[in-house]
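> pasting a predicted model and its sequence here:
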Amino acid sequence: VNKKDKLEKKSWTRVLNGTGVVVHTNLGRSCFPPAAADAARTVALHNSDLEFDLPSGTRGHRGRQVEEKAALLAGAEDALIVNNNAAAMWLAVRHFSRGGRVVLSRGEVVAIGGSFRMHEILAETGCTLVEIGTTNRTSLEDYRAAMTPGTTVLKVHRSNFTIEGFTEDVTVADLAALCQSEGCPLVYDAGSGAFFPYEEVGLPSGETLLIEDVATGADLVTCSGDKLLGGCQAGIIYGSSAEVAKLRKHPMRRAFRVDKTTLAALDEILTAYLREEGRPAIPTLDQLAMGL
């Protein structure tokens with residue numbers, strides 16, 4: 001088979017996930033609910049009011065209603081959707097730090113998939129990373145000692161590993177209170193983005209809900225759309241209306257924006273959470289609840 005014939009074949013293969021890992025990075029992460037897949041297909045085949053306000057007949061804001069749904073579910077004033085959580089975190093940190101000091105616990109300088117490492121992504125914001133504490137123990141006093149005027153504080157949820165034994169950590173709420181008293185903005189990378197209480201299907205607790213994360217008082221909270229949220233690849237930034245409005249005007253926001261198919265799929269997934277009183281019919285949630 002020559003190269004041309006080989007490349008004429010589709011570039012993906014359907015596989016069965018028998019790994020035991022429901023949200024598997026190498027196998028495409030979360031599967032879409034049928035309604036989300038249908039919405040993405042329909043909007044891909046037809047024109048839509050992507051950036052058009054039909055009532056006024058003027059240009060509209062891309063994804064505004066989807067962002068309103070995301071904000072409502074998390075109890076936030078506003079939300080901004082970008083193409084993944086790494087972009088969300090980068091944009092949030094860059095917005096506050098503007099190349100200044102960013103404080104992060106050594107236990108949270110994590111690898112977030114493949115060869116991507118937190119400190120390398122932060123370096124691209126132009127900030128000066130200040131690591132505090134140790135791998136297993138970081139205290140509130142460690143944060144306090146590192147705070148100077150203009151410092152941005154970043155806290156990262158360790159969603160793909162745990163540290164046990166002789167440990168110390170600081171809750172997001174306690175850190176948010178300290179940051180407010182010191183006048184330092186706090187960005188919390190919540191990672192997985194859970195809307196559903198997973199202990200209800202018998203899974204170990206430890207994943208907080210986004211509504212709890214936002215309620216901590218962190219200035220900006222970021223999460224993924226394709227992990228525990230159970231949707232498509234996207235990143236969501238939650239915060240006050242004033243801060244999110246500034247993010248919308250950031251020059252890099254256009255580089256991080258999502259297309260119409262992502263917005264259509266995410267819209268259906270968020271609507272499922274809004275519509276259902278119990279567990280919504282989302283494949284990731286169904287698979288995590290299997291056998292119970």
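Good, I have the coordinates. Numbering: from 1, shown residues only.
> what about stretch 227-234, start to end distance?
The stretch stretch 227-234 measures 10 Å between its terminal residues, going by Cα to Cα, to the nearest Å.
> report the rounded mean pLDDT for that stretch.
Mean pLDDT, taken over the full extent of stretch 227-234, equals 92.
> which residues does it contact?
23, 29-30, 32-33, 36, 40, 81-84, 159, 191-196, 198, 207, 223-226, 258, 262, 265-266, 269-270, 282-285 (Cβ atoms under 8 Å, 6 or more residues apart in numbering). Heads up, the C-betas are built off the backbone N, CA and C, glycines and all.
> among those residues, which are in helices?
Restricting these to those inside helices, with DSSP state H as the criterion, leaves 36, 40, 262, 265-266, 269-270, 283-285.
> show me which of the contacts of stretch 227-234 are buried.
Burial by neighbour count, 16 or more other Cβ atoms under 10 Å: within those this picks out 23, 29-30, 32-33, 36, 40, 81-84, 159, 191-196, 198, 207, 223-226, 258, 262, 265-266, 269-270, 282, 284-285.
> could you pull out the helices in the stretch 51-200 of the chain for me?
Taking DSSP state H, counting those that start in this stretch as the test, the helices found in the stretch 51-200 of the chain are 64-74, 85-97, 118-123, 140-146, 172-182.
> what count of nearby residues applies to Asn85?
Counted with other Cβ atoms under 10 Å, the burial measure for Asn85 works out to 27 neighbours.
> and the one 10 residues further on, by the same measure?
When neighbours are defined as other Cβ under 10 Å, His95 has 24 of them.
> so it touches His250, yeah?
Yes. Using Cβ atoms under 8 Å as the test, His95 is close enough to His250 to be in contact (6.2 Å).
> not counting its neighbours along the chain, what's nearest the residue positioned nearest the centre of the chain?
The chain has Cys223 as the residue nearest its centroid, 1.5 Å off, counting by Cα atoms, centre = their mean. Here the nearest residue to Cys223 in space, its sequence neighbours aside, is Gly193; by Cβ to Cβ, 6 or more residues apart in numbering that works out to 3.2 Å.
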